[in-house]
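Visitor: Sequence and predicted structure, then a few things I'm wondering about:
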Amino acid sequence: MEKNNAKELFDLLDSAYNDPDIKNDALLKIILDAAGRLDKEEKYEDVVRDLSRNISKNYRNLPEKLSAIYQFIQKDVKPLKLNSKQLRDKAIADGAMSIILF
């Protein structure tokens with residue numbers, strides 16, 4: 001299933017990159033970055049998490065194709081979200097590890 005999602009997402013990104021309505025350099029960079037990561041076969045979950053976050057930062061006046069990509073990946077992003085306790089525990093663990101490592 002994940003391979004099919006990655007292929008479909010790559011095709012959507014390719015279509016968006018070639019859309020004349022998408023002229024914003026920041027949006028083009030987001031598209032290119034995600035497509036490149038998929039092409040290098042990075043973990044799909046990591047790519048969609050970062051892609052969702054990057055699109056969210058630029059959510060005002062999104063071109064139609066980028067909005068469609070955002071909607072497409074949401075089903076895969078939502079299960080990855082952490083609740084506040086998990087985020088707090090992760091932050092504490094990350095802090096502890098940085099003290100140990102440095």
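Guide: Everything's here; your move.

Visitor: Now name the helix or strand holding the residue nearest to residue 46 when sequence neighbours are not counted.
Guide: Ranked by C-beta to C-beta, 6 or more residues apart in numbering and with sequence neighbours excluded, the top spatial neighbour of residue 46 is residue 37, at 7.6 Å. The way it works is simple: take the backbone N, C-alpha and C, and place the C-beta from them, glycine included. In the assignment (DSSP states H and E), residue 37 maps to helix 25-39.

Visitor: In terms of secondary structure, what does that helix contact?
Guide: Packing contacts for helix 25-39, counted by 3 or more C-beta pairs under 8 Å, 6 or more residues apart in numbering; DSSP states H and E, involve helix 2-17, helix 44-57.

Visitor: residues making contact with the longest one?
Guide: So the one you mean is helix 2-17. By C-beta atoms under 8 Å, 6 or more residues apart in numbering, the residues outside helix 2-17 that reach it are 22, 28, 31-32, 34-35, 38-39, 44, 47-48, 63, 65-66, 68-69, 72-73, 76.

Visitor: Drop anything exposed from those residues.
Guide: 22, 31, 34-35, 38, 44, 47-48, 63, 65-66, 69, 73, 76 (16 or more other C-beta atoms under 10 Å).

Visitor: Now distance to residue 7 and pLDDT too, for the residues you listed, in a markdown table please.
Guide: Formatted as a markdown table, these follow (distance: C-beta to C-beta, whole Å; pLDDT from 0 to 100):
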| residue | distance to residue 7 | pLDDT |
| --- | --- | --- |
| 22 | 21 | 88 |
| 31 | 16 | 95 |
| 34 | 13 | 97 |
| 35 | 12 | 97 |
| 38 | 8 | 96 |
| 44 | 10 | 94 |
| 47 | 12 | 95 |
| 48 | 13 | 95 |
| 63 | 22 | 89 |
| 65 | 17 | 93 |
| 66 | 19 | 92 |
| 69 | 14 | 94 |
| 73 | 13 | 94 |
| 76 | 13 | 89 |
